[in-house]
Structures are given as C-alpha cells and as structure tokens.
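Dropping the sequence and predicted coords here.
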Amino acid sequence: MKKLPLIIAAGLVATASAASARDYIEVVGSSTVYPFTTVVAETFGNKTKFKTPKIESTGTGGGAKLFCAGAGIDTPDITNASRRMKKSEFDTCQKNGVKDIIEVQVGFDGIAFANSKKAPQMTLTRKDIYLALAKTVPGKNPGELVLNPYTTWKDVNPSLPATKIEVLGPPPTSGTRDAFAELALEGGCKTFDFIADFKKSDSALYKATCHEVREDGAFIEAGENDNLIVQKLEANPNALGVFGFSFLDQNSDKVQGSIIDGASLTFDTIADGSYPVSRPLYFYVKSAHIGKVPGIKEFLAEFVSEDSFGDDGYLVEKGLIPLSEEKRAGFREDATKMTSLSM
Amino acid sequence: MNKSTQIVEAGLKKRYAREKRFRMFGLISILISLAFLVVLLTDIISKGYPAFQQTYIKVDVTIDSKTLGLTADSTEDELYTASYSRIIRDSLRAKFPEVTDRKQRRALTNLVSKSAAYDIRDKVIANPSILDTTASYWFLAKDDVDVFMKGNIDRDLPEDDRRVKDYQLGWIDQLVAENRLEKRFNTVLFTEADSREPEQAGIRGALMGSLFTMLITMFLAVPIGVASATYLEEFAPQNNKWVDMIEININNLAAVPSIVFGLLGLAVYINFFGVPRSTPLIGGLVLALMTLPTIIIASRAAIKAVPPSMREAALGLGASKVQTVFQHVLPTAMPGILTGTIIGMAQALGETAPLLMIGMIAFVSDVPQGILDPSTVMPVQIYLWSDSPERAFTERTSAAIMVLLAFLITMNLIAIMLRKRFEQRW
C-alpha cells in the first residue's frame, strides 16, 4: 500500500512531460469576449487543419493573472479582456518574463438597461441611474452624502413613472458589472460637481461614491446568467435588467432597451459612440508562444480578417459592434507585424 | 373488564388516531416530493424534447469549379482550403433570384448553417468527380429557421419584435411549400462536440469527457477507498490516537465544499506536478479526491455490518486474517461497497465547482480522444449552454439535462443490479 502514492506521483510526472508539447491554442479571459472568440476558434478549426483552440471563460482579471504567470508553454497563449489591460497587470507580465504582448481590439459591447415589452419603454439619463442605484447619493444640504433614500423612479426624477426601483444585474465578479459601475454609475455621479472634485482630493472616496451599488434590495444580483435575467424580466414587467447587448439582440421580442441620455440602444448608436454605456473588448497574445504552439499566427489572422470582425463579419451576427475601418486596419497591421504593446 | 383493560381502551382511540396522522404526514411528504419531481421533469422534457429534432433544408447546389478556383488536378490541400461558402451563397441566390437588397441577401445566406460549406468540402474531397455537377443536398438549417419551424417564434408579432423578418417568412413558406424544409431526428446532438452555432452543437464531446473523467476517478478512488476502509476496519490498531485522528479527518473531508478540492488540485496537481489543465486526467484526479471520503465511509459501514460470526468461523477453521478478509468479509460487504461507490461516482458526475479551478469550464469543440485532450463534462456543458445568448440553446440545455439524467439512472440501475447479484441473506 505504501507504494501507491509513489506510483501516482510517478504517473503525474510522466504526464507532465507529455504535456510540454501542446498542439492546441489555449485562450482564457473575459466572459464577455468568450462568445466571440469561441466563434472564431470554431471557424478556424473548421477552415484549417489545426486543432480547435480551447477557450476558458475565467473573467478578465482571472485571465490576466493566468496569462501573466509566465512565458512557459503551460501558460495560456491568449487572454480576452472586456477592458484594456491595466498597467499593474502589464507590469506583472513583464516581471514574469512575458515581454512581448500583442494587443488587439475586437470591437465594442453595449450594456442594456432593459425591461419587459409589456411595460412602456424607459427614458433614463446616467444621472437617474446613479441616483436610483448608488449606495450613497447627494442629500438635501450641499456637499452632503446620504444613504440612498429613493424607492420609486418618480422620486429620482419626476418625469419617470411611479414604479418601484427594482433592477436585476450582474454580481461584482462580472465584467459587465465593472462596466456598469464605471460607465453608467460613474457617468451619472460625475455630473455632481462636488463629487467630481473628490477625484483629485480623495480618490478612494470618489470610487466608493461612484461605484458602490446599493444593498437594500433595490439592486438584485441575479447571477452571471443573462438568460435568467431575461426570463425574470418577462415575469416581472416592473423590473429593469442590466446585461450585454447580444442578449437584447437575441430576445428583441421579449425585452426592450431603455433610452439613455437620449440615445436608444441599437447597433448603430453603439458603433458611433452616441449610446453612452458601451465598452471596448480586447484580446492579448503572447508573442513568445508564436512558433511554439502551432496555429497562433493563423488564428490571429482569422480573428482580424474582414470576414470575422469586419462590418459584415460573422462576429457581427453574434452581437459584436465592429470598430471603424481605420481602427480595424491598424489592429490588423499590429497583428500581422506582431507589434508589441508598451505601457 | 378489569381496570387496566379500561385504561388501554380509553387510550386506544388516541393511539390509532396518532398512527393514522403519522401515516398521513408521511404520505403527504411523499406526494409533495413527487409533485416537485413531476414539475421538474415536465418542465425539462417539455422544453427539451424539440431538441431531438432538427430542421434540414434542401438546396440545389452546383459545385462550380471556377468559383472555387479549382481544376480537375487540384491537390487535396487546394480542395481543402477553397471557399465553399461562396458555392452555397450562389446556390441560394439562384433559388431566390428576386432578392437584390444587400441586407436581405445576407439574410438569405443565413437560411443554411455554416456547416453546409464544410459538408460540401468533405464531399468534394471524398469524391472530386462531383466538381461541376448539380445535385440536391440536405443541409442543417440555421438556428433561427429551426426555432421558427418548431413554433417558438410567433409570426403574429409585429415585424420589429421578431427575429425572423417578413421577407424571411416568405422564403420559409416557399421552401415549406416545395417540401424543401424537413424536420428529422437530431443526430448531430449525439455525434458532435460543442459549437457556438446551436444547430451544429452536440454533447458527444462532453459525454466522452465525462466518461474519461469518471474512468480515472473510478480507477483511483475505488481501490484506494476500499483498501483504506478495509485497513481501518480490520487491521488498524484499536484505540490508537493516530487512527482516531485519521478517522475524524476522513469524516470531515466528506463534508468539505467541493470547490476546495478544486483549489487543492490546482495547487498540487497543476502547479506542482504540472498536469495539463482542462484534461480528463486532472478532472479525474480532483474528483477522485472528492469521492474518496464517501467511498471510505460507505465501505467501512458495509464491512462493519458483516456479522462477526463469519470472521470467527473463518479464523476458527484456520484461515489467516488476510484470507478471512479477502475471501469472506469483502465479498459479503460488496453490495454495500458498490452502493457507496456508485453514489460517490454519481455525485462526481454531476459536479462542476471543483472543475472551475482546473480549467474544465471551457469551450472545446473537438471530441476528446484520450485523457490528455482538452475536454469538458456533461454538467459543464449544460451550464455553458444555459448561458449562451442564442435562443435555440434553451432547448438544447434541457435536452442535455435529459441525457445526463439518463446517464445517472443507468448508473443507479447498474448499482441495483450488482447489489441484487451479490446480495446474500442469512
């Protein structure tokens, strides 16, 4: 019996050496970019004779951590991100020997504030969203912050209906939540001058005021599953849901996006930037693995081809909002020339 | 009548009532559980059964070698890389020549699944003589067409609220009238691995992944588990504080949340031993850790339940301790051990949390061929599909749940059969 652990250990070491030659591309990172990367991977696998890449959805931060862990072949080749790589992440990469990273922007994703089609469409501003959903909001006296007292949309803005504030949204681990906090809440919160001043004087307080979501039940964390939010919205016409544009696109017969700052949520308003709550999507490639893992160069070429992320590409069908033509050409050049990112 | 009989008589009614009440409560709780089960199953089956059918579409395709840029003596590589999607596009345009609007032309191409181009490619490679011929082929229909054909898109809704527009409805109606749309049994669901296109997605990849993972788990957890249980129950010194400590730890491990085993697997197997991520090997290793306590506890209970008289008789007839254990105690305890093992394995089969840490929650569109290929498992596939935006994945999610349930029921049936077979009565 004593030999059994030894045998297992020996077996593990043997498999470890077998794994050092990997013949498929490994991708990690954001769950928002995941639906797009998977489509490219599948097309790539069908079109070429390379193996289909394996794609894990680990979240943007988790992906960067794995990606920057080292340059060895046992680390991922590509990481997806629903925001630009942070300076701190880049530094970790450099420190761990991941020197050359190619940055590619894929396109944009819009964040929908949607409700059931059974209810009238909402017309909101980012300020309304901030006042309705932030943990602390400005009080009656100038410069004062109080716990969010509002219970109905009418309390927030007299032009809105007198329905209870009830918003289903993603949990803090989600990239959608980060973008929601950064773009919608912060966008609304900046409109108050005294809070905007915090940014210089006390950035921690600024972040807490602008990014923290109320915890008294008005904002309901509905899990990472956006399909579930759509189902719940259908059952409860008074509720509003926060999720990615592709889910709105697929369920346009059940839910409708609210008008935000005068822009309705459509493909075109996100593409031209007039819809305020949209974010760029990226992926990052480890140059050191090109040539070691077969197919990375070809996979990259497939991703930046007009067939995939172009105006009429197959990613657009999946709900991606494409970049402008010049930007696409720029990233295509970076990808083919393997220009390294510097920060 | 004497006094004590009177007392009994007086209490009798109450006692009967109490028994009746208790039986009723038992019946009610069973009925409630049954009702929940029925609701759950009806929901899953009613949502999932359409997934066992798939719409196919018949298109007349001319495999024009000029469009493909091929000649009679093109190499296989050239045949492989040619753009067959153009052929499909041209065939559809030829079928509906009246469509000229750019947006509508794009929508036209989307009647047929992207796999059509690869189907034609494989046919051409298998038999290059079909170049420059025209024939009718059946292709998978795109998910929107499929969802519509199954009646899940209401055509009475205003056009803006519908994913299938009026002009697409016109094409579909025309195709139906010409018998070019047909619903067939969905074999793709069982022959393909995951795909982002619902019509091409299948569960074979996840099924094979689960199978490999379970094999690894079984070959590790069962021998180690049964051996530990036997040693602890039959050979370990009694009242030894080390043995006691091990016992307490095993019982504790059985209650540890499964994600902890995932973290352990990540730290020890992946980071220390360098086992490749996302493979059935690492999945099986982690799930074996998780299942071990369950198997040890169940096996110990089964061994303990073997009557001491059997051991004494064997020893009395001159068998050694090892002979007694292997020839008499273990065979008698086998039904209990098997039940425990299968319960543990069924638990492992449905587990996703520890797999998150070791990279098995991933998109893998190749069917794994061995324990070192990247793969997912059934419950992960269900989770991934339930999280996909495309409407057609909803029914596939339920269908995958049905397959997983069938898998579990089979495992339990095997457990019952084995138990019946080995069971001894005395």
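Looks like it arrived, so ask away. Residues are numbered from 1 along each chain as shown, chains lettered A, B, ... in the order given.

Let me see the contact set for A:Pro142.
A:Phe194 (C-beta atoms under 8 Å, 6 or more residues apart in numbering or on different chains). In short, each C-beta sits where N, CA and C put it, glycine included.

Show the backbone phi and psi for the spatially closest residue to A:Pro53 that is not a sequence neighbour.
Spatially, and ignoring its direct neighbours in sequence, A:Pro53 is nearest to A:Ile25 (3.7 Å; C-beta to C-beta, 6 or more residues apart in numbering or on different chains). Note on A:Ile25: backbone dihedrals following degrees, to the nearest 10 are phi -80, psi 140.

same question, B:Phe363
phi -90, psi 110.

same thing with the one 10 residues further on?
Note on B:Asp373: backbone dihedrals following degrees, to the nearest 10 are phi -90, psi 150.

again, but for B:Ser210
Torsion angles, degrees, to the nearest 10, at B:Ser210: phi -60, psi -40.

Could you measure from it over to chain A?
17 Å (C-beta to the nearest C-beta, to the nearest Å).

ok so, going back, what distance do you get for the residue nearest to A:Pro53 to A:Val40?
Separation of A:Ile25 from A:Val40 (C-beta to C-beta, to the nearest Å) stands at 11 Å.

Now the common contact residues for these two.
A:Phe299.

contacting residues for the residue nearest to A:Pro53?
A:41, A:50-51, A:53-54, A:77-78, A:293, A:295-296, A:299.

With neighbour count, pLDDT and secondary structure added, can I get those residues in JSON lines?
Shown next, in JSON lines, are the contacts of A:Ile25 (neighbours: other C-beta atoms under 10 Å in any protein chain shown; pLDDT from 0 to 100; DSSP: H, G, I helix; E, B strand; the rest coil):
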{"residue": "A:Ala41", "neighbour count": "26", "pLDDT": "93", "secondary structure": "helix"}
{"residue": "A:Phe50", "neighbour count": "17", "pLDDT": "91", "secondary structure": "coil"}
{"residue": "A:Lys51", "neighbour count": "20", "pLDDT": "90", "secondary structure": "coil"}
{"residue": "A:Pro53", "neighbour count": "28", "pLDDT": "93", "secondary structure": "coil"}
{"residue": "A:Lys54", "neighbour count": "26", "pLDDT": "92", "secondary structure": "strand"}
{"residue": "A:Asp77", "neighbour count": "26", "pLDDT": "94", "secondary structure": "coil"}
{"residue": "A:Ile78", "neighbour count": "27", "pLDDT": "95", "secondary structure": "strand"}
{"residue": "A:Val293", "neighbour count": "22", "pLDDT": "91", "secondary structure": "strand"}
{"residue": "A:Gly295", "neighbour count": "21", "pLDDT": "91", "secondary structure": "coil"}
{"residue": "A:Ile296", "neighbour count": "21", "pLDDT": "93", "secondary structure": "helix"}
{"residue": "A:Phe299", "neighbour count": "26", "pLDDT": "93", "secondary structure": "helix"}
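
Mind picking the one among these that's closest to chain B?
A:Lys54 (4.2 Å; C-beta to the nearest C-beta).

Nearest residue to the closest one in space, ignoring adjacent ones along the chain?
B:Pro374 (4.2 Å).

what does B:Ile246 give?
B:Leu232 (7.2 Å).

how near is that neighbour to chain A?
12 Å.

all strands of chain B, in order?
Secondary structure of chain B (DSSP state E): strands at B:53-62, B:134-140, B:181-185, B:362-363.

Out of the ones you listed, which is the most enclosed?
Using mean count of other C-beta atoms under 10 Å in any protein chain shown, the stretch among the strands of chain B with the largest mean neighbour count is strand B:362-363, at a mean of 26.

name the helices or strands packed onto that one?
helix A:34-47, strand A:54-56 (3 or more C-beta pairs under 8 Å, 6 or more residues apart in numbering or on different chains; DSSP states H and E).

which residues touch the first one?
Contact with helix A:34-47 is made by A:25, A:27, A:50-53, A:55, A:57, A:78, A:80, A:106-107, A:246, A:281, A:283, A:295, A:298-299, A:302-303, A:308, A:314-315, A:318-320, B:81, B:114-115, B:118, B:195-197, B:363, B:365-366, B:388-389, as judged by C-beta under 8 Å, 6+ apart.

now do the shortest one
For strand A:54-56, contacts defined as C-beta under 8 Å, 6+ apart pick out A:24-29, A:34, A:37-38, A:41, A:63, A:76, B:278, B:359, B:361-364, B:374.

quick one: strands adjacent to it?
strand A:26-29 (parallel), strand B:362-363 (antiparallel) (DSSP bridges).

Give me the mean pLDDT for the shortest one.
The predicted model assigns strand B:362-363 a mean pLDDT of 90.

Around chain B, which positions in the stretch 151-300 of chain A sit nearby?
When proximity is defined by C-beta under 8 Å from any C-beta of the partner chain, the stretch 151-300 of chain A lies next to chain B at A:224-227, A:244, A:246-247, A:249-253.

Tell me which entries of those residues lie within helices.
A:226-227, A:246-247, A:249-250 (DSSP state H).

Output those in a markdown table; the columns should cover pLDDT and distance to A:Cys68.
Formatted as a markdown table, these follow (pLDDT from 0 to 100; distance: C-beta to C-beta, whole Å):
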| residue | pLDDT | distance to A:Cys68 |
| --- | --- | --- |
| A:Asp226 | 77 | 28 |
| A:Asn227 | 79 | 32 |
| A:Ser246 | 79 | 28 |
| A:Phe247 | 82 | 30 |
| A:Asp249 | 80 | 33 |
| A:Gln250 | 78 | 34 |
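
So which of the helices and strands packed on strand B:362-363 is the most surrounded?
strand A:54-56 (a mean of 28).

From the contact counts, what lies against the helix or strand that comes right after that strand?
Heading C-terminal from strand A:54-56, the first helix or strand you meet, by DSSP states H and E, is helix A:60-67. Secondary-structure packing of helix A:60-67 (3+ C-beta pairs under 8 Å, 6+ apart): strand A:26-29, strand A:78-81, helix A:87-95.

Could you rerun that using 6 Å?
strand A:26-29, strand A:78-81 (3 or more C-beta pairs under 6 Å, 6 or more residues apart in numbering or on different chains; DSSP states H and E).

buried stuff in that helix?
Counting neighbours by 16 or more other C-beta atoms under 10 Å in any protein chain shown, one finds that the buried residues in helix A:60-67 are A:60-64, A:66-67.
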